[in-house]
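A.B. asks: Let me see the structure of the following:
(4 chains)
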Amino acid sequence: MTIDILFFGIARDYAGSRSLKFDFPQDTSVKLIRSTMEQKYPALKGLKRYAVAVNNEYAGDDVVVNAGDEIAILPPVSGG
Amino acid sequence: MTIDILFFGIARDYAGSRSLKFDFPQDTSVKLIRSTMEQKYPALKGLKRYAVAVNNEYAGDDVVVNAGDEIAILPPVSGG
Amino acid sequence: MRLPFYHPSAEDSMIELSDKPLSFSKALKHVRSHGSGGIDIFIGTVRDNAAGRKVVALEFEAYGKMALLELEKIVGHAQATWPVEKVAVLHALGRLEVGGVAVVIAVSAAHRDAAFTACRYIIDTLKQTVPIWKKELFEDGEEWVSAHP
Amino acid sequence: MRLPFYHPSAEDSMIELSDKPLSFSKALKHVRSHGSGGIDIFIGTVRDNAAGRKVVALEFEAYGKMALLELEKIVGHAQATWPVEKVAVLHALGRLEVGGVAVVIAVSAAHRDAAFTACRYIIDTLKQTVPIWKKELFEDGEEWVSAHP
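C.D. replies: Numbers count the residues shown, from 1 in each chain, chains lettered A, B, ... in the order given. Take a look at the predicted model:
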């Protein structure tokens, strides 16, 4: 299935784009998304940490992603 | 000696004036001023408490007052 | 003494008692600085009720000279205790209708913790030590606040 | 999504992300009410230095939809936890020069303790959970804040 992934802050600099499409197997977990992204963009591993959001909610590693879900890579936030 | 006493808030209502002159002996203490005022304006004794200021500073009972000092009767403050 | 009373201020602090409407933006303008990352502002307003009784207005009076001196002590203590940049304290005198602004306290600091802590300290201490009194005006009477047990 | 993002608000709260200068008086106006006796306002401004380096400007970006949802949770939690009247949260996006206003948080309450506590909670939590990022622009480079260990 094709999944849209959004990149913010420094992760957007790493990906070179705000939004990219990726192909993932059915029943992909957030854990697999993280490892795939880290393989494609190794600089992610140098961050203090980063979060993954699924449909505008912070998502743990076990969350399973479905086609059409909105995924986002969120480096440490620094608003305020 | 003649001492000017200022009255604020509800104490002004009791005294009927913002400022009055009183005659006190030399070396009058704040304690004597308090008891004299309470005798003249017994309603002062019904307050939660009241403070006496000498020359714009809160003054304890032992402070001695001199001619020309500015004395003020300060009911519980309620600014803000 | 004539109103407003101005505090003969160190340039880092502005202290003022006034019978004109308080200028909130004046306080903000005073404390903004390029070195500050956080500003905390407390605004005390006239509430429409007190202990269940409907309030029509408040009347404030001050022992002006001493109130300024006490405010100066409070602000000086805050400046000596927390790393704050600038402080503004404005207090209204005279009659204020419901919704009116009685007090504005603004504190800027490099970091927000000092701004919050100092602002809270200033309003809490002001209420305890500064010789200002308020009378609540009700539809059917009036009362000096906190006077009686 | 287009700016500004408006929170589909309960009437007691106003939440907004905007690339226009934040209107401080709009936040104040929103929270003023006849039932409130105290308003606490936090204003975050752009400081001219960071860890000793001279800052020229900041650039903010947000994951807009999610940022509003997270702010809504924070404000909802504050409203459920402390007796506050009204809350306004404004956050700037885009480029801000030194001295510019990045965030305004205003909380009104019948009594000041709730206003201070809720305001502090909102800014502290915003900084931890709301997907907004800032980049510091220095004379000789730029850096995403907090990204690296």
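A.B. asks: Tell me which residue in chain A sits closest to chain C.
C.D. replies: residue A:80 (8.5 Å; Cβ to the nearest Cβ). To be clear about C-beta, it is placed using only N, CA and C from the backbone, and glycine gets the same treatment.
A.B. asks: nearest residue to that residue other than its sequence neighbours?
C.D. replies: The shortest distance from residue A:80 to any non-neighbouring residue, by Cβ to Cβ, 6 or more residues apart in numbering or on different chains, is to residue D:127 (4.3 Å).
A.B. asks: mind checking the SS state of the one you found?
C.D. replies: Of the three states, residue D:127 takes helix according to DSSP: H, G, I helix; E, B strand; the rest coil.
A.B. asks: list the contacts for it?
C.D. replies: Applying Cβ atoms under 8 Å, 6 or more residues apart in numbering or on different chains, we find residue D:127 in contact with A:77, A:78, A:79, A:80.
A.B. asks: do you know how far it is from chain B?
C.D. replies: The spacing between residue D:127 and chain B, counted by Cβ to the nearest Cβ, to the nearest Å, is 29 Å.
A.B. asks: likewise residue A:44?
C.D. replies: 51 Å.
A.B. asks: what's the burial count for that residue?
C.D. replies: Residue A:44 has 20 neighbours, counted by other Cβ atoms under 10 Å in any protein chain shown.
A.B. asks: wait, is it part of a strand?
C.D. replies: No - assignment of residue A:44 by three-state DSSP gives helix, placing it outside any strand.
A.B. asks: Measure how buried the closest residue to it other than its chain neighbours is and give me the count.
C.D. replies: Using Cβ to Cβ, 6+ apart and skipping residues adjacent in sequence, the residue nearest residue A:44 is residue A:38, 5.1 Å away. Residues within reach of residue A:38, counting by other Cβ under 10 Å, total 13.
A.B. asks: what does residue C:67 give?
C.D. replies: 25.
A.B. asks: contacting residues for the closest residue to residue A:28 other than its chain neighbours?
C.D. replies: Excluding the flanking residues, the one nearest residue A:28 by Cβ to Cβ, 6+ apart is residue A:65, at 5.0 Å. Residues near residue A:65 by Cβ under 8 Å, 6+ apart: A:3, A:24, A:28, A:29, A:30, A:33, A:54, A:71.
A.B. asks: show me what contacts the residue of chain A closest to chain C?
C.D. replies: Contacts of residue A:80 (Cβ under 8 Å, 6+ apart): D:44, D:91, D:102, D:103, D:123, D:126, D:127, D:130, D:132.
A.B. asks: can you map out the helices along chain C?
C.D. replies: All helices of chain C, identified by DSSP state H, fall at C:24-31, C:64-81, C:112-129.
A.B. asks: With mean pLDDT added, can I get those helices in CSV?
C.D. replies: Below are these laid out as CSV (pLDDT from 0 to 100):
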stretch, mean pLDDT
helix C:24-31, 94
helix C:64-81, 97
helix C:112-129, 98
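A.B. asks: Do a quick rundown of the strands in the chain.
C.D. replies: Since no chain was named, I'll use chain A. A:2-7, A:19-23, A:28-29, A:51-54, A:57-58, A:64-65, A:70-74 (DSSP state E).
A.B. asks: think we crossed wires, I meant chain C
C.D. replies: Under the criterion DSSP E, chain C carries strands at the ranges C:5-6, C:13-18, C:38-45, C:49-50, C:53-62, C:84-92, C:94-97, C:101-109, C:132-138, C:141-144.
A.B. asks: Save the ones you listed as CSV, and put in mean pLDDT too.
C.D. replies: CSV is the format used below for the strands of chain C (pLDDT from 0 to 100):
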stretch, mean pLDDT
strand C:5-6, 60
strand C:13-18, 97
strand C:38-45, 98
strand C:49-50, 91
strand C:53-62, 97
strand C:84-92, 98
strand C:94-97, 98
strand C:101-109, 98
strand C:132-138, 97
strand C:141-144, 96
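A.B. asks: can you put these in CSV and add mean neighbour count?
C.D. replies: Listed next are the strands of chain C as CSV, based on neighbours: other Cβ atoms under 10 Å in any protein chain shown:
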stretch, mean neighbour count
strand C:5-6, 15
strand C:13-18, 22
strand C:38-45, 26
strand C:49-50, 15
strand C:53-62, 18
strand C:84-92, 26
strand C:94-97, 16
strand C:101-109, 26
strand C:132-138, 21
strand C:141-144, 15
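A.B. asks: Looking at chain C, what residue ends up closest to chain A?
C.D. replies: residue C:112 (8.5 Å).
A.B. asks: That residue: what's it in contact with?
C.D. replies: Counting by Cβ under 8 Å, 6+ apart, residue C:112 makes contact with C:37, C:38, C:40, D:42, D:44, D:123.
A.B. asks: rerun at 7 Å
C.D. replies: When contacts are counted by Cβ atoms under 7 Å, 6 or more residues apart in numbering or on different chains, residue C:112 touches C:38, D:42, D:123.
A.B. asks: okay, those in a markdown table with distance to residue B:46 next?
C.D. replies: Shown next, in a markdown table, are the contacts of residue C:112 (distance: Cβ to Cβ, whole Å):
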| residue | distance to residue B:46 |
| --- | --- |
| C:38 | 45 |
| D:42 | 42 |
| D:123 | 45 |
